[in-house]
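Undergrad: Sequence first, predicted model second:
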Amino acid sequence: MTEISPLAEPDTIRAALDDAGRERWTRMTTEVGEDPTRLGRVFPAAARQTGRGPLPGTDGVLIEDAVRVDLVRSAASTLDAAALLDELREVYRYGDSDEKRAVLHALNGAPADVDGSDVLLDALRTNDTRLVAAAMGPHSDRLDDDAWRQGVLKCLFTEVPVSAVTGLAARADRELAEMVTRYQREREAAGRVVPPDVQVVLDACAPTDPTPRDS
Amino acid sequence: MRIFDPHIHMTSRTTDDYEAMYAGGVRAVVEPAFWLGQPRTSLGSFTDYFDAIIGWERFRAAQFGISHHCTIALNPKEANDPRCAEVLDVLPRYLAKDGVVAVGEVGFDSMTRAEEDAFVRQLELAVEFELPAMVHTPHRDKEQGTRRTLELVEASGLAPGMVVVDHLNEVTVDQVDAAGCWMGFSIYPDTKMDEHRMVAILQRRGLDRVLVNSAADWGRSDPMKTVRTGEAMLAAGFSDDDVDRVLWRNPVEFFGQSGRLLLDQDEAVDTTATFEGNSVLRGSRD
């Protein structure tokens, strides 16, 4: 009932797996399609049952992420938004970092009536850069302005490329510019290098305030 | 010298340790779930700890070029507290994870009934999840604890080759050897074993089924003791290949039985040359 966008096209995933991996992928997809509560059982082993590492033909997508998002797609097809969120919260809660990241990727492909912002906020509290990056994808439009700005600033702090932040140009505002400018001054005062992404964020903020001032 | 420390508690160690370990050749570790010094009193503090050793600590180690794995279990000491008994119920959630390469540390601390019940239950889980077991032997009355350990292992149906009995010394090694289990030795600054006594045991009985670890934790211990043992082996006339076998290929062989090792491709390439099967390859199928 709920449609999740794939992280990679099924043909691309299929081409990256060997026969045994394809067979297991199909079996797992069928299993969670028939009983979505099995998602938490198949998620942990999904990578070693299929494959791992960069997915050829994509821009940095990992095989294990694409397979797990596909499993969520299959489970979601029989769940409404609330039931899907319940399942995803459970999988995220008991997942290792790879599983948590896959849940975040699945949320990034979720329709408007799915709001997993609580899961994103958990990811943004970690210092795991892979989780922080995934949490600032398309689903971050559910975050309120304060949380979203803190997320952008966290990317700068933890050296997550701000290219991971979806909708930066559209949402960057004067307040974010002021926060980033203060961060820049703190770095300069300490004699430390200012990451190039600081200017990227300030440029993104520029349309709303071309000359951000200190508050 | 490439080193796989098969027993070290990195949550208790600093980033300086990670840097020194990498410089010394350590490229992979196993972090067994254990007692944290302060007894825990609830399920939640265990699950947060388990989440840390399958999550944050793995990420932290990766920042220093080290592949981090763990083992999951209710440890013997805390198995005596009934408030912690429900930990046994959540273990299946963790035992299916990638990078969880054994059930452990299980075994005895004070040789109580509660410890034995938890030990037996967790050996059953090892059989069910097709995982090796890492068995802690007690600090006190080690010889008797080791004997009872081996009886329970035999009764469990878990193959001896799927079991490492850890913290052995000159007194306990032979009975474990005779049982066909793997033999774990913890090299400490001033308790358990030291690197020179370790070399003497290797000279006496050979290199097969031996795992050498630092067991470094929050107590007085040294994460570089695996490196020191490799140096002591070389000084005693063992070859580079002997050192590689004890400090890398043996732990890869033992924990590779889980099918859940997470080793980078370049490390695994060398491994496949000496270890049959490809279960250690990152991206492998089982």
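TA: The structure has been received and is ready for your questions.
Undergrad: And stretch A:193-206, what's buried?
TA: Neighbour counts using 16 or more other Cβ atoms under 10 Å in any protein chain shown place A:Pro195, A:Asp197, A:Val198, A:Val200, A:Val201, A:Leu202, A:Ala204, A:Cys205 of stretch A:193-206 among the buried residues. Every C-beta, even on glycine, is put in place using the N, C-alpha and C of the backbone.
Undergrad: Read off the pLDDT value for the closest residue to the third one other than its chain neighbours.
TA: Okay, so that is A:Val198. Distance criterion Cβ to Cβ, 6 or more residues apart in numbering or on different chains; nearest residue to A:Val198, sequence neighbours excluded, is A:Gln184 at 5.2 Å. Looking at A:Gln184, its pLDDT stands at 97.
Undergrad: In contact with A:Gln184, which residues?
TA: The contact partners of A:Gln184, by Cβ atoms under 8 Å, 6 or more residues apart in numbering or on different chains, come to A:Val194, A:Val198, A:Leu202.
Undergrad: Repeat the analysis, applying 10 Å as the threshold.
TA: The contact partners of A:Gln184, by Cβ atoms under 10 Å, 6 or more residues apart in numbering or on different chains, come to A:Leu156, A:Val194, A:Pro195, A:Val198, A:Gln199, A:Val201, A:Leu202.
Undergrad: Need phi/psi at the second one.
TA: Here the main-chain torsion angles of A:Val194 (degrees, to the nearest 10) amount to phi -90, psi 120.
Undergrad: And the first one, by the same measure?
TA: The phi and psi torsions at A:Leu156 (degrees, to the nearest 10) take the values phi -60, psi -40.
Undergrad: So it sits against A:Val162, correct?
TA: Yes. The pair A:Leu156 and A:Val162 qualifies as a contact (Cβ atoms under 10 Å) at a distance of 7.0 Å.
Undergrad: Now for B:Phe4: which residues touch it?
TA: For B:Phe4, the contact set (Cβ under 10 Å, 6+ apart) comprises B:25-30, B:66-67, B:69, B:211-213, B:226, B:246-252, B:254-255, B:261, B:263, B:267, B:271.
Undergrad: need the residues of chain A near chain B, please.
TA: Residues of chain A lying near chain B by Cβ under 10 Å from any Cβ of the partner chain: A:16-18, A:20-21, A:24, A:40-54, A:63-64, A:93-100, A:126-131.
Undergrad: ok, 8 Å please
TA: Proximity of chain A to chain B is confined to A:18, A:20-21, A:24, A:41, A:44-45, A:47-53, A:63, A:94, A:96-98, A:100, A:126-130 under the rule Cβ under 8 Å from any Cβ of the partner chain.
Undergrad: Turn the buried ones among those residues into a named ChimeraX selection, would you?
TA: Below is the selection syntax for ChimeraX that covers the buried ones among these, with 16+ other Cβ under 10 Å defining burial:
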select /A:21,24,41,44,45,47,48,49,50,51,52,63,94,96,97,98,100,126,128,129,130
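Undergrad: Narrow the residues of chain A next to chain B to those in helices?
TA: In helices, defined here by DSSP state H, the members of the residues of chain A next to chain B are A:20-21, A:24, A:41, A:47-49, A:63, A:97-98, A:100, A:129-130.
Undergrad: which pair in these spans the largest distance?
TA: Maximum pairwise distance in those, criterion Cβ to Cβ, is 32.5 Å, between A:Ala20 and A:Thr129.
Undergrad: So, low pLDDT: which residues of the stretch 101-250 of chain B?
TA: Under the criterion pLDDT under 70, no range of the stretch 101-250 of chain B is flagged.
Undergrad: Which residue comes closest to the closest residue to chain A within the stretch 101-250 of chain B once chain neighbours are left out?
TA: Among residues of the stretch 101-250 of chain B, the one nearest chain A by Cβ to the nearest Cβ turns out to be B:Phe129. It sits 10.6 Å away. Across the structure, with Cβ to Cβ, 6+ apart as the measure, the residue nearest B:Phe129 apart from its sequence neighbours is B:Leu95 (4.3 Å).
Undergrad: same question, B:Asp194
TA: In this structure, B:Asp194 finds its nearest non-sequential neighbour in B:Ile187, 6.3 Å apart by Cβ to Cβ, 6+ apart.
Undergrad: That neighbour: what's it in contact with?
TA: Counting by Cβ under 8 Å, 6+ apart, B:Ile187 has contacts B:193-195, B:198, B:212-215, B:222, B:225-226, B:228-229.
Undergrad: Just list whatever residues bridge to it.
TA: B:Met193 (DSSP bridges).
Undergrad: ok, the buried residues of stretch A:193-206 vs A:Met28, which is closest?
TA: Within the buried residues of stretch A:193-206, proximity to A:Met28 (Cβ to Cβ) peaks at A:Asp197, which comes in at 37.9 Å.
Undergrad: ok but B:Val164 is inside a strand, no?
TA: Yes. Judged by DSSP: H, G, I helix; E, B strand; the rest coil, B:Val164 forms part of a strand.
Undergrad: Alpha carbons of stretch A:116-124, as CSV, please.
TA: As requested, C-alpha coordinates have been extracted for stretch A:116-124 and formatted as CSV (Å, rounded to 0.1, in the frame of the first residue of the first chain):
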residue,chain,number,x,y,z
GLY,A,116,10.2,9.2,10.2
SER,A,117,11.8,12.4,11.5
ASP,A,118,12.2,10.7,15.0
VAL,A,119,14.5,8.1,13.3
LEU,A,120,16.4,10.9,11.6
LEU,A,121,16.9,12.8,14.8
ASP,A,122,18.4,9.6,16.4
ALA,A,123,20.8,9.3,13.5
LEU,A,124,21.8,12.9,13.8
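Undergrad: who's in contact with the residue most central in space within chain A?
TA: By Cα atoms, centre = their mean, chain A has its centre lying nearest to A:Ala134, at 2.4 Å. By Cβ under 8 Å, 6+ apart, A:Ala134 lies in contact with A:Arg101, A:Leu104, A:His105, A:Asn108, A:Ala123, A:Ala164.
Undergrad: Out of the residues you listed, which sit inside helices?
TA: When the contacts of A:Ala134 are checked against helices (DSSP H), the matches are A:Arg101, A:Leu104, A:His105, A:Asn108, A:Ala123.
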